[in-house]
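Undergrad: No sequence on hand, only this structure:
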């Protein structure tokens, strides 16, 4: 009988370790890393407005449009965000925070918003693509 107890404890501990180590796959990847200011912006002396691509998430599409003037990211507009129900409420509260982070960072290297991981990641990806297209 004591042997059964030891086996049960060992299996329970193994199951707990595996459960704690489990990590769901991230469909969108991670947010762009924090780093130096986007050097592409510095080269822009005129005012330019560019839209990033639409990034699909499980809750809906995300797309941003950026405006750059005199080497600075001056405006970001969310053209598409998840809508309806809980996703819409999350997106509408996360968008101003994401915009503020990106304008402060002058890049797509943002922290994101807790509780809006998919929207944050998609926002950063669309933003980075828009910034990348400025150099083309």
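TA: Happy to help now that I have it. Just so it is clear, the model here is predicted, and its values are computed rather than measured. Numbers count the residues shown, from 1 in each chain.
Undergrad: For the chain, which segments count as helices?
TA: 2-21, 39-42, 85-105, 117-134 (DSSP state H).
Undergrad: give me the number of residues near residue 115?
TA: For residue 115, the count of nearby residues is 10 (other C-beta atoms under 10 Å). C-betas here are computed from N, CA, C, even on glycine.
Undergrad: what's near enough to touch the closest residue to it other than its chain neighbours?
TA: Spatial nearest neighbour of residue 115, excluding adjacent residues (C-beta to C-beta, 6 or more residues apart in numbering): residue 90 at 6.3 Å. Applying C-beta atoms under 8 Å, 6 or more residues apart in numbering, we find residue 90 in contact with 59, 82, 115-116, 119.
Undergrad: let's see 7 Å
TA: Shown in contact with residue 90 (C-beta atoms under 7 Å, 6 or more residues apart in numbering): 115-116, 119.
Undergrad: again with residue 87
TA: For residue 87, the contact set (C-beta under 7 Å, 6+ apart) comprises 59-60.
Undergrad: Geometrically speaking, which residue is the centre of the chain?
TA: Relative to the mean C-alpha position of the chain, the nearest C-alpha, by C-alpha atoms, centre = their mean, is the one of residue 121, at 1.6 Å.
Undergrad: For residue 8, see how far away that residue is.
TA: According to C-beta to C-beta, to the nearest Å, residue 121 and residue 8 sit 41 Å apart.
Undergrad: One more: residue 118?
TA: 39 Å.
Undergrad: more neighbours, those two?
TA: residue 118 (22 against 10).
Undergrad: doesn't residue 57 make contact with the more buried one?
TA: Yes: using C-beta atoms under 7 Å, residue 118 makes contact with residue 57 at a distance of 4.2 Å.
Undergrad: Tell me, how many residues neighbour residue 48?
TA: Using other C-beta under 10 Å, residue 48 is surrounded by 13 other residues.
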